[in-house]
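Undergrad: sharing a sequence plus its predicted fold:
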Amino acid sequence: MAAEKRRQAILEILQQAERAVSAGYLAERFSVSRQIIVGDVALLRAGGADISATPRGYVIVKAAAGLIRKVPCRHSAAGMEAELNAIVDHGCTVQDVIVEHPIYGQLTGSLHLSSRYDVQQFLRRCRESEARPLSDLTGGIHLHTLSCPDEAAWRRVQEALQTLGVLLEG
């Protein structure tokens, strides 16, 4: 398959996917290396495709239904699991994590976590890669962009985070 046709097929797969699609899956599907897929995605992005890389693979972020809210939090790396579970347990999706870096400005990491399973997979990847969360750069202070089905879910998340002592207030 020609490279341009492969890139178009990758774009179509991502547009139709309900969940993240891994580079490994795409590489196997098109009988190319994972690195070729990474390059294809970079070219698609350069061409204007809104493709995000998440811990589980590539996604094209669709317009979220419901409310989009940002929540400020502060905790150590040890508090990450409880924080993320509190958010997904109340029906919201953690779209990303944002920190303010003194040199680079705003840094954003795509997450797209909607369930405890997603949270566990994310934490497993953190452990296996020995990666530190972005919030380590800012003494634990960070924002999450949340997609919530309604105002009641947003309030439940705020209350749960406050109870955990991770909601940054004031």
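TA: Alright, I've got the coordinates.
Undergrad: and residue 56, how far is that from residue 69?
TA: 23 Å (CB to CB, to the nearest Å). Glycine gets a C-beta too; all of them are placed from N, C-alpha and C.
Undergrad: to clarify, my last question referred to residue 111.
TA: Taking CB to CB, one finds residue 111 at 15 Å from residue 69.
Undergrad: now the helices for the chain?
TA: 3-16, 23-30, 34-46, 80-89, 116-129, 151-164 (DSSP state H).
Undergrad: now tabulate those in a markdown table and tack on distance to residue 138.
TA: Below are the helices of the chain laid out as a markdown table (distance: least, CB to CB, whole Å):
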| stretch | distance to residue 138 |
| --- | --- |
| helix 3-16 | 31 |
| helix 23-30 | 29 |
| helix 34-46 | 27 |
| helix 80-89 | 14 |
| helix 116-129 | 17 |
| helix 151-164 | 17 |
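Undergrad: residue 98: which of these is closest?
TA: Closest to residue 98 of the helices of the chain is helix 80-89 (CB to CB; 14.2 Å).
Undergrad: about what we covered before: neighbour count: residue 111 and residue 69, which is higher?
TA: Under the criterion of other CB atoms under 10 Å, the comparison of residue 111 against residue 69 puts residue 111 first, with 21 against 17.
Undergrad: which residue is nearest the centroid of this structure?
TA: In the chain, the residue lying closest to the centroid (CA atoms, centre = their mean) is residue 111, at 1.2 Å.
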